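[1] One predicted model, sequence on top.
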Amino acid sequence: MTAVSDASPGYRRATVLMTSTSMLVPLGGLVTAPVLAQGLGAAGRGELAAALAPATLMLGVATLGLPEALTFFIAKRPSITRRALGWATLATVGLGAVSVALVWTLLPFLSAGDPDLARLILVATIWNVPALVVAVLRGAATGRQWWGLVAWERIALTVARVGVLFALLLAERLTVETAVLASVIMPVLSGLVYVALLRRPPAGDDHEVDDPRIAAPMFRYGTVVWLGSIASMVIGRLAGLLMLPMAGAEALGLYTVATTIADVPLVVALAVQGTLFGVSSRASDASRVTATSRISLLVGLTGVTVMGASLPWWLGPLFGEEFMAAAWPTVILLTSAVVLVPGLMASSGLAAWGRPALRSAALVASLVVHLATFLLFVPAWGAWGAAWSGIAGTTALTAISVLAGARVLGVSSRAFLVPGRADMILAKDEVAALLERLTGRR
């Protein structure tokens, strides 16, 4: 799922780099998912998801929208990097401490009364405080257009996580506890690549701005984004938080495998969205946003069709026969990922045009739809119900984001949704260029 070519070679390079390296994250998940599934079983896999869910939710809640705010403002004023990072880090660590305390008070519910699971949830939550700082550093690096640094973080994280989990499996030390530790420590270590942000930034690349202050505009923008970030993270972790008490560990394990597979197109689309936001924060171009949406939709639809059609041949052998029950929920979630693509690109445009409130409103509406259908479907249908609630939520998000994006960017809704013949040709060329880069051919 790669983005449109642009007159600026920097955008093309950034998109290809972010797209190609973002594939490592879901591919790493596909590599480690069978290890976790076969090493832990369906129930153990469900316990792992439950242990990590509150900690991962912190990554959206306790950052106060500051990674996006840093991207938006540092893209325009690189000289404020260190001062902006200082304010953002201080606020993030404080909110992280509050989040740890909140999770501690909710442990009896989150762990369903299991003391061992409660301990793992608390350990994972504490380790996510430094991970919050890494998210802030990543936002600053994106604002500086340092795509290579972000790519190196992804590479380091994927290689380390895959290597550690395989080593644990071979040493017969793979347990829910060791899997939790590997999952929360690796993101912190990979974030060390951002030490370069501490160097003195240049001042000559700054754009003229109406408000020369740093903290006030950044926190104002971040607070507006924050509500949408909370909604997004709750959507992503709803199953881990509620599915265990509502449908049991086995249903959660099946759904976790389905989401691992569906994350392949989704994570790549999110990488394109992040790149588009970073570049558009520096220089706005509505045609770039809409063309990226159309081409990403084309490539995503093609990839999802191939994955869904071939699913019966590799799901069982890769994850184990007990996970064949996850086949149809996986197909539903793959469809949901494609539906989400135009919404992601439109919301990226809204944020880059300084309208993060509209983006957050779409995410909150999506959460309402997702939660209502989740509570309705999951008790009766388990993983199937969770998958259907997912597609309901993504449809709501895309509909609202595209309508709002069309109005703010001054384009038609059709420009986000309907590819033309030129888009098909360009999509083919972009995929070919990406494959050449991945295979090392010239």
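    Now that the structure is in, tell me what you want to look at.
[2] I'd assumed residue 18 was in contact with residue 271.
    Yes. Contact criterion Cβ atoms under 8 Å: residue 271 and residue 18 qualify, at 4.6 Å. (Each C-beta comes from the backbone N, C-alpha and C, glycine too.)
[3] who touches residue 66 in this structure?
    88, 91, 92, 136, 139, 218, 219, 222 (Cβ atoms under 8 Å, 6 or more residues apart in numbering).
[4] Just give me the closest of these to residue 276.
    residue 139 (14.8 Å; Cβ to Cβ).
[5] how about the closest one, secondary structure?
    Three-state assignment for residue 139 (DSSP: H, G, I helix; E, B strand; the rest coil): helix.
[6] Renumber starting at 57 from here on
    With the count now opening at 57, the last piece we talked about shows up as residue 195.
[7] Skipping adjacent residues, who's closest to it in space?
    Leaving aside its chain neighbours, residue 195 sits nearest to residue 123 (2.9 Å; criterion: Cβ to Cβ, 6 or more residues apart in numbering).
[8] For that neighbour, grab the count of nearby residues.
    Neighbour count for residue 123, taken as other Cβ atoms under 10 Å: 28.
[9] Same check on residue 126?
    Residue 126 has 30 nearby residues by other Cβ under 10 Å.
[10] Look up how far residue 140 lies from it.
    From residue 126 over to residue 140 the distance is 6 Å, taken as Cβ to Cβ, to the nearest Å.
[11] For the two, list the residues in contact with both.
    The contact lists of residue 126 and residue 140 share 196, 274, where a contact means Cβ under 8 Å, 6+ apart.
[12] Following the chain onward from the longest helix belonging to the chain, which element is next?
    Using DSSP state H, we find that the single longest helix of the chain is helix 80-117. Helices and strands here follow DSSP states H and E; after helix 80-117, the next one along the chain is helix 122-132.
[13] what inclination does that following helix have with respect to helix 80-117?
    100 degrees (axes from the mean of the first three to the mean of the last three Cα atoms, to 10 degrees).
[14] And the average pLDDT for helix 122-132 is what?
    The average pLDDT within helix 122-132 is 91.
[15] hang on, the earlier thing: so can I have a markdown table of the contacts of residue 122 showing neighbour count?
    Output for those, formatted as a markdown table (neighbours: other Cβ atoms under 10 Å):
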| residue | neighbour count |
| --- | --- |
| 144 | 28 |
| 147 | 20 |
| 148 | 22 |
| 192 | 26 |
| 195 | 28 |
| 274 | 24 |
| 275 | 18 |
| 278 | 24 |
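[16] Just put those residues in a markdown table and tack on pLDDT.
    Formatted as a markdown table, these follow (pLDDT from 0 to 100):
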| residue | pLDDT |
| --- | --- |
| 144 | 92 |
| 147 | 91 |
| 148 | 89 |
| 192 | 92 |
| 195 | 91 |
| 274 | 89 |
| 275 | 89 |
| 278 | 89 |
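[17] Which strands or helices does the helix or strand harbouring residue 358 pack on?
    Assigned by DSSP H and E, residue 358 falls within helix 342-375. With contacts defined as 3 or more Cβ pairs under 8 Å, 6 or more residues apart in numbering; DSSP states H and E, helix 342-375 has these neighbours: helix 80-117, helix 305-338, helix 383-408, helix 439-465, helix 470-473, helix 477-495.
[18] Any idea how many residues pack against residue 199?
    Neighbour number of residue 199 under other Cβ under 10 Å is 28.
[19] before we move on, what about residue 83?
    16.
[20] For it, give me its contacts.
    So residue 83 contacts 214, 320 (Cβ under 8 Å, 6+ apart).
[21] Convert the C-alpha atoms of stretch 436-454 to PDB, please.
    Included here for stretch 436-454 are C-alpha records, laid out as PDB according to Å, rounded to 0.1, in the frame of the first residue of the first chain:
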ATOM      1  CA  ALA A 436     -23.400 -14.400  21.500                       C
ATOM      2  CA  TRP A 437     -20.900 -14.800  18.600                       C
ATOM      3  CA  GLY A 438     -17.500 -14.400  20.100                       C
ATOM      4  CA  ALA A 439     -14.700 -13.700  17.600                       C
ATOM      5  CA  TRP A 440     -17.300 -13.400  14.800                       C
ATOM      6  CA  GLY A 441     -19.200 -10.700  16.700                       C
ATOM      7  CA  ALA A 442     -16.000  -8.800  17.400                       C
ATOM      8  CA  ALA A 443     -15.000  -8.800  13.700                       C
ATOM      9  CA  TRP A 444     -18.400  -7.500  12.700                       C
ATOM     10  CA  SER A 445     -18.200  -4.700  15.200                       C
ATOM     11  CA  GLY A 446     -14.900  -3.800  13.800                       C
ATOM     12  CA  ILE A 447     -16.200  -3.300  10.200                       C
ATOM     13  CA  ALA A 448     -19.100  -1.300  11.600                       C
ATOM     14  CA  GLY A 449     -16.700   1.100  13.300                       C
ATOM     15  CA  THR A 450     -14.400   1.500  10.400                       C
ATOM     16  CA  THR A 451     -17.300   2.300   8.100                       C
ATOM     17  CA  ALA A 452     -18.500   5.100  10.400                       C
ATOM     18  CA  LEU A 453     -14.900   6.500  10.600                       C
ATOM     19  CA  THR A 454     -14.400   6.600   6.900                       C
END
